[in-house]
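Novice: fold the following.
(one chain, ligands or ions: 1)
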Amino acid sequence: MTITQEQVLQALSNVEEPDLKKDLVTLNMIQDIHIEGNHVSFSVILTTPACPLKAMIENACRNAILYFVSKDVEISINMTSRVTTQKNTGVPGVKNIIAVASGKGGVGKSTVSVNLALALAKTGAKVGLIDADIYGPSVPIMFGLEGERPKARDVDGKTRIQPIEKYGIKLLSIGFFTDPNQPVPWRGPMVSTAVKQLFNDADWGELDYLVVDLPPGTGDIHITVTQTFPVTGAVIVTTPQNVALADAKKGIGMFMMNAINVPILGIVENMAYFTPAELPENKYYIFGQGGGKKLAEQLDVPFLAEIPLVKGISDSGDAGKPIVLDEGSIMANAFIEMAKKVAQQVAICNATAIDKKTLVNN
Ligand SMILES: Nc1ncnc2c1ncn2[C@@H]1O[C@H](COP(=O)(O)OP(=O)(O)OP(=O)(O)O)[C@@H](O)[C@H]1O
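Specialist: Predicted structure coming up:
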């Protein structure tokens, strides 16, 4: 039996990427085909290492070769990834900017931002995190970095702030530059300049995702960030109460305004239900049930996750070691599943935006 590269490509052209609705060959996702006798190997280049459909795509490739080429083929598939990007994010080397926002304060936006960034990194992506919440920067506490000051260093003749590296991600917080005991009365222009510096004057290097923890509500910083940098999409965090949902709706409305026009990657409902640590299968919907999902349906945006109210989430944040680092725990898995859905939506946004061009895989 002589197997040709054309036969392999022809077979794989029957496998559709379920999110992007095109076949893997058209999407240029098949590379490095090697054939030796009846042994065929190739790489599948996914759009994110956090792809939730990885196993399904691998299976479909295997079945397509067995069905369309021969059932006697031995197959080795290398599932790898190259995160897509659609445009220059305005920050050299950064492929995607993910804004995390909420209509209200205290709903867990920083908790979601931090665990999202770390979960994406755990899947193998290169990740940065900017804490742009000038009213209550929480990243220094959540990473156990209070009192730290990032260093500056000369890069190509320019002085650049060096993001601090911890738990596998690079991070900067407005809180590293202010005294936590001294309230800072920010004026509009000062805020804009300070936040832009976190993007422009830092040495971020190559990043697949730069997660930005925005302040609650809709204000100056949202306008500065979205109008200065082409944000790939926004994740909206809410709690189940009607007051929070109403504000989340306003927040989503702001991103959808023509002047801002940032795609909504989806809604995360935080503190969706209470779960006692000793009885994790018991769910008590103390603030009402299904509000986030309903809002997502109403606004026709994805619903990303229900994150329970668990004491461990709060304790781990206060202790400087976010819960997603607690390998294998139910909470860590919940945040990893959420991160996979976010990465999936980023890939869909990128593919949709450049649908008429070719998918940029750089
Ligand atoms: N799912 C959860 N279970 C238990 N505690 C949580 C959960 N999510 C957040 N918290 C806790 O709630 C408090 C507020 O969370 P967080 O700081 O993330 O909110 P926020 O929306 O970023 O607030 P703000 O932007 O107004 O400062 C923190 O003490 C955090 O540890």
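Novice: quick one: the helices in the stretch 101-250 of the chain, in order.
Specialist: For the stretch 101-250 of the chain, the helices identified by DSSP state H, counting those that start in this stretch occupy 109-122, 139-142, 188-200, 220-228, 242-256, in order along the chain.
Novice: so which of those helices is nearest the ligand?
Specialist: Checking the helices of the stretch 101-250 of the chain against the ligand by CB to the nearest ligand atom gives helix 109-122 as the closest, at 3.3 Å. (Glycine included, C-beta is placed from N, CA and C.)
Novice: any weak-confidence spans in the stretch 101-250 of the chain?
Specialist: Filtered on pLDDT under 70, the stretch 101-250 of the chain yields the residue ranges 183-186.
Novice: alongside the ligand, which residues does it contribute?
Specialist: Within reach of the ligand by CB under 6 Å from any ligand atom, the stretch 101-250 of the chain has these residues: 102, 105-111, 133, 136, 138, 216.
Novice: let's go with 8 Å and repeat that
Specialist: Counting by CB under 8 Å from any ligand atom, the residues of the stretch 101-250 of the chain close to the ligand are 102, 104-114, 133, 135-136, 138, 142, 213, 215-216, 237.
Novice: output the longest strand belonging to the chain.
Specialist: strand 264-274 (DSSP state E).
Novice: give me the angle between the longest helix seen in the chain and helix 109-122.
Specialist: The single longest helix within the chain, with elements called by DSSP state H, is helix 330-353. Angle between the axes of helix 330-353 and helix 109-122 is 80 degrees (criterion: axes from the mean of the first three to the mean of the last three CA atoms, to 10 degrees).
Novice: mean confidence score for helix 330-353?
Specialist: For helix 330-353, the mean pLDDT works out to 92.
Novice: tell me the angle that helix makes with strand 264-274.
Specialist: Using the same axes, to 10 degrees, the interaxial angle of helix 330-353 with respect to strand 264-274 works out to 160 degrees.
Novice: buried residues of helix 330-353, list them for me.
Specialist: By neighbour count, with 16 or more other CB atoms under 10 Å as the criterion, the buried positions of helix 330-353 are 331-332, 334-351, 353.
Novice: returning to what we had before: could you say which of the helices of the stretch 101-250 of the chain is packed most deeply?
Specialist: With neighbours taken as mean count of other CB atoms under 10 Å, the helices of the stretch 101-250 of the chain reach their highest mean count in helix 109-122, at a mean of 27.
Novice: extract the C-alpha trace of stretch 92-104 and format it as CSV.
Specialist: Coordinates of each C-alpha in stretch 92-104 appear next as CSV, following Å, rounded to 0.1, in the frame of the first residue of the first chain:
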residue,chain,number,x,y,z
PRO,A,92,4.2,44.7,20.4
GLY,A,93,4.4,41.0,20.8
VAL,A,94,0.9,40.7,22.4
LYS,A,95,-1.5,38.6,20.3
ASN,A,96,-4.8,39.1,22.2
ILE,A,97,-6.0,41.5,24.9
ILE,A,98,-8.9,40.2,27.1
ALA,A,99,-10.7,42.8,29.2
VAL,A,100,-12.4,41.6,32.3
ALA,A,101,-15.2,43.9,33.5
SER,A,102,-18.2,44.1,35.7
GLY,A,103,-21.1,46.4,36.2
LYS,A,104,-20.7,46.5,40.0
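Novice: for E297, which non-adjacent residue is spatially closest?
Specialist: The shortest distance from E297 to any residue other than its chain neighbours is 7.6 Å, reached at F303 (CB to CB, 6 or more residues apart in numbering).
Novice: next: A353.
Specialist: Once flanking residues are discounted, A353 sits nearest to Q86: 4.5 Å by CB to CB, 6+ apart.
Novice: what does P163 give?
Specialist: With CB to CB, 6+ apart as the measure, K170 is the residue that lies nearest to P163, at 3.8 Å, once sequence neighbours are left out.
Novice: okay, the one you found and the ligand: tell me how far apart.
Specialist: Applying CB to the nearest ligand atom, to the nearest Å, the value for K170 to the ligand is 20 Å.
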